[in-house]
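*Asks:* Could you look at this predicted model? Sequence included:
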Amino acid sequence: MTRYVSLALTACLAAVAGLSFQRVFGLGPVVPVAAVAAVVPTLLCGLLSGPREKGPWPLWISLVLTVPAWAATASLTVLRPALGAGTLPRTLREGVLSSWKAILTTLLPAPAEPELLVLVSVVVWLAAFASAELALRTSLRAAPAVPALGGWAVALLLGVDGPGSNLPLAAATVVLIAVLVLVRADGPDAGASWRPLAAGVPLAAVLGGLAFAVGPVVPVSAAPYNPREQVRAPAPQQRDGVSPLDRVGGWLLSPGQVMFTVDAGRAEIERLAVLDRFDGVTWSSTARFVPTGSRVPEGPRPDRRHETSQRVTIRDLTGVWVPAPDRPRRVDGLPVVVDPASGALATAEPLRAGQTYRVDSVVPEWTARDLAAAGVATDAEAAAARRLPWGPGATEAPVQIAEFRGFAQAATKGAVTPLQKASMLADYLKVFARYDVTAAPGHGYRQIDYFLAQGRRGTPEHFATAYALLARTLGLPSRVVVGFEGGNRQGGTVQVRSGDVTVWPEVKFDRLGWIRFNPLPDGAGSSKGSEGVAAGETKQQLEQAQKSAASQQRDPGPDETAERGGQKAAPAEDPPTPWWVFATIAAGALVIGYLGAALLAPALRRRRRRAGPPAARITGAWHQALDHLADVGLSTARTLTAHEVARFGASSVGADAHGHLGPLADLVNHSRFAASRPDPRAADRAWHHSDALGRLVTAKAGRLRRLRRRLHPRSFRDRRAYTTEQIRGRLRERLGEPPGERP
């Protein structure tokens with residue numbers, strides 16, 4: 001019975017380890033895979049080790065049979081879609097060999113695809129199989145729990161930045177391991193003693209509850225190791241043959257084409273493509289798109305933000321770029337890939353009319369206070385966003401770069417801070433040129449030079465790209481974004497048309513991320529028609545915050561400079577926790593751990609002494625009696641015979657003690673000297689006398705004295721006493737006589 005109960009516990013341990021993959025795939029897809037992969041190998045091992053005259057089958061038979069058993073089980077469960085499609089061999093091979101790498105290059109939660117879920121099946125199956133074999137073939141108490149911990153290690157590494165928490169599962173693992181140790185304490189052949197489980201199982205549950213409660217407050221200062229940092233991300237991909245920026249002019253000339261429809265409670269600016277690389281001729285994207293199940297990593301978190309949920313239906317929008325408010329957090333209904341840096345969305349295949357998806361976004365709301373203290377970003381992404389390349393095949397810098405720098409400096413004359421420069425540059429372009437949808441498209445050096453020097457009229461493409469180039473000459477990291485603003489309301493749905501397309505530049509600031517600026521003339525690009533929808537108040541709030549922050553900043557004097565520098569030097573985050581807090585927690589944990597060990601050690605020692613054959617149980621009862629006598633002054637018993645100990649107990653506890661110590665000493669000596677082995681009834685009598693002695697000692701010494709002695713470090717020692725036979729053996733050793741002669 002102990003063996004089969006151990007198998008049930010190991011199967012539960014493996015299943016819980018499999019459920020810890022919920023940070024990788026979510027809980028729903030993992031539950032059936034983990035359950036099947038934990039139960040089937042456990043049943044297989046139990047059948048192969050069942051009743052058999054020669055014992056369980058050899059281990060190599062189990063090792064050979066478990067491979068086809070797993071292949072068959074996985075084919076009928078997790079790989080069933082591939083089996084129906086006729087791609088089982090390829091899916092099985094890719095899942096076993098490369099699923100881990102695919103997960104490490106996928107944003108979590110990963111899509112619940114068969115070639116990825118097969119990794120969960122493999123890990124749980126191996127853990128359940130190894131745990132079951134250890135439970136059946138070894139007597140080590142906690143060894144069967146080790147394979148499940150190996151499964152935990154794999155799940156934690158792959159899901160280190162996934163959503164959710166594995167703390168409840170970790171607490172359940174603690175409880176299962178504690179119960180497994182209790183069940184296997186007597187060994188598989190000694191006969192299970194179920195009485196300690198009555199106290200052990202509740203204690204294990206308390207231990208698991210303590211682990212669950214303490215887990216969130218454990219001080220961990222270092223970030224966990226993330227294997228994703230060691231995996232090379234996919235190379236930048238050109239997702240679409242034609243850049244959305246090149247389509248802006250054509251869309252504006254045919255403004256009535258419905259691109260997509262939006263069902264939402266409030267209007268938002270729909271972002272389509274983020275273009276951050278300029279080669280002198282055209283703008284393109286360096287996005288490193290990776291697959292994702294549904295989640296999109298969050299960007300900077302301002303103090304003020306609002307959430308929005310939209311249901312989008314594609315109409316005439318082509319290409320692979322997926323419109324969504326900035327910044328999307330979750331996409332359902334459409335398989336997408338995402339750029340973790342910008343949050344831009346794309347699909348592996350071109351969009352089709354009729355496709356519908358739901359997107360949840362968190363839209364930041366920046367205030368003048370946020371912007372006023374912002375400094376320009378200096379990270380690697382910002383450095384790349386300042387580059388002004390010469391152009392394909394150019395051997396010297398274009399003359400337009402120097403002209404653009406002079407233009408930008410004149411437009412931002414008097415500006416001191418990066419925000420002032422960015423805001424004044426946008427205001428300057430608003431009145432410098434006219435909005436004209438018939439302007440010739442193009443955004444290279446020559447086209448922008450013509451736009452600024454001669455034409456002075458253009459589309460959002462010209463205004464945004466001109467702003468981005470001018471900002472880079474001032475040292476401001478900039479990029480260009482293509483999207484849609486406004487729309488035409490039809491009932492509860494907003495139709496976003498081709499004429500609603502817009503382009504805007506963004507500048508990156510430290511701690512804030514990318515901030516949008518609007519260089520378009522007032523009224524440009526507004527929705528047409530009596531039922532037009534404005535872009536919403538988010539855009540107006542941002543522009544007002546930029547103006548307020550820029551107007552508050554001026555050229556500070558020396559005193560103000562020192563004061564502002566001191567303010568900037570103040571940490572934005574909460575101060576670190578003092579060292580004494582951690583020291584107090586550590587000291588408290590040590591005290592609690594010592595008290596728990598001191599109170600638990602005697603109970604475990606008593607349980608161990610009561611186990612085993614009758615002779616061992618009688619010896620254990622004697623050792624338990626010595627522990628009782630230590631409470632009334634018995635300092636050592638290693639040089640006393642059993643009856644000498646009994647006389648000491650009678651003199652220290654009372655005459656009633658001799659009535660139990662005398663028979664107990666006779667039983668101990670009889671178990672050593674008699675030719676016949678003692679029977680279980682003799683062992684029961686020995687423990688009856690030992691327990692009665694314990695009650696007498698408690699009445700004599702008092703419970704408080706016994707508790708103080710139990711908390712003393714000496715209580716961890718296991719007291720031993722020499723019986724008469726042991727004393728004779730020591731004398732024989734000293735005299736050099738053969739063991740069979742009397743000394």
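*Replies:* Ah, there it is.
*Asks:* Report the secondary structure state of the residue most central in space within the chain.
*Replies:* What sits nearest the mean C-alpha location of the chain, by CA atoms, centre = their mean, is Val160, with 3.6 Å. Under the three-state scheme (DSSP: H, G, I helix; E, B strand; the rest coil), the conformation of Val160 reads as coil.
*Asks:* Please apply the same query to the one 4 residues further on.
*Replies:* Classification of Gly164 into helix, strand or coil gives coil, according to three-state DSSP.
*Asks:* show me what contacts the nearest residue to it once chain neighbours are set aside?
*Replies:* Sequence neighbours aside, Arg23 is the residue nearest to Gly164 in space, at 5.2 Å (criterion: CB to CB, 6 or more residues apart in numbering). All C-beta spots, glycine's among them, are computed from the backbone N, C-alpha and C. By CB atoms under 8 Å, 6 or more residues apart in numbering, the residues touching Arg23 are 108-109, 155, 159, 162-166.
*Asks:* Now rank those residues by neighbours and give me the top one.
*Replies:* Ala155 (26 neighbours; other CB atoms under 10 Å).
*Asks:* mind checking the SS state of that residue?
*Replies:* helix.
*Asks:* what's the answer for His689, then?
*Replies:* Relying on three-state DSSP, one would call His689 helix.
*Asks:* Residues touching stretch 702-714, excluding its own?
*Replies:* So stretch 702-714 is in contact with 595, 598-599, 602, 630-631, 697-698, 715, going by CB under 8 Å, 6+ apart.
*Asks:* How about stretch 539-553?
*Replies:* Outside stretch 539-553, the residues that touch it by CB under 8 Å, 6+ apart are 269, 365-372, 416-417, 419-420, 422-424, 426, 485, 515-518.
*Asks:* Can you turn the buried part of those into a PyMOL selection?
*Replies:* Applying 16 or more other CB atoms under 10 Å to the contacts of stretch 539-553, the buried members can be selected in PyMOL as follows:
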select buried, resi 269+366+367+368+370+371+372+417+419+420+422+423+424+426+485+515+516+517+518
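*Asks:* What about the contacts of stretch 539-553, which are in helices?
*Replies:* Of the contacts of stretch 539-553, the ones assigned to helices by DSSP state H are 368-372, 419-420, 422-424, 426.
*Asks:* of these, closest to Leu43?
*Replies:* Asp370 (60.2 Å; CB to CB).
*Asks:* these two touch, right, that closest one and Arg301?
*Replies:* No - counting by CB atoms under 8 Å, Asp370 does not reach Arg301; the two are 11.4 Å apart.
*Asks:* Please, which helix or strand holds Ser99?
*Replies:* Taking DSSP states H and E as the criterion, Ser99 maps to helix 88-104.
*Asks:* Would you mark the buried spots in that helix?
*Replies:* So, applying 16+ other CB under 10 Å, buried residues of helix 88-104: 88, 91-92, 94-96, 99-100, 102-104.
*Asks:* just stretch 691-710 next, same as before
*Replies:* Result for stretch 691-710 [16+ other CB under 10 Å]: buried residues 692-694, 696-697, 700-701, 706, 710.
*Asks:* Next, format the residues you listed as a markdown table and append distance to Val480 and pLDDT.
*Replies:* Converted to a markdown table, those look like this (distance: CB to CB, whole Å; pLDDT from 0 to 100):
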| residue | distance to Val480 | pLDDT |
| --- | --- | --- |
| Ala692 | 90 | 87 |
| Leu693 | 89 | 83 |
| Gly694 | 84 | 83 |
| Leu696 | 91 | 84 |
| Val697 | 87 | 82 |
| Lys700 | 90 | 79 |
| Ala701 | 86 | 76 |
| Arg706 | 80 | 70 |
| Arg710 | 75 | 70 |
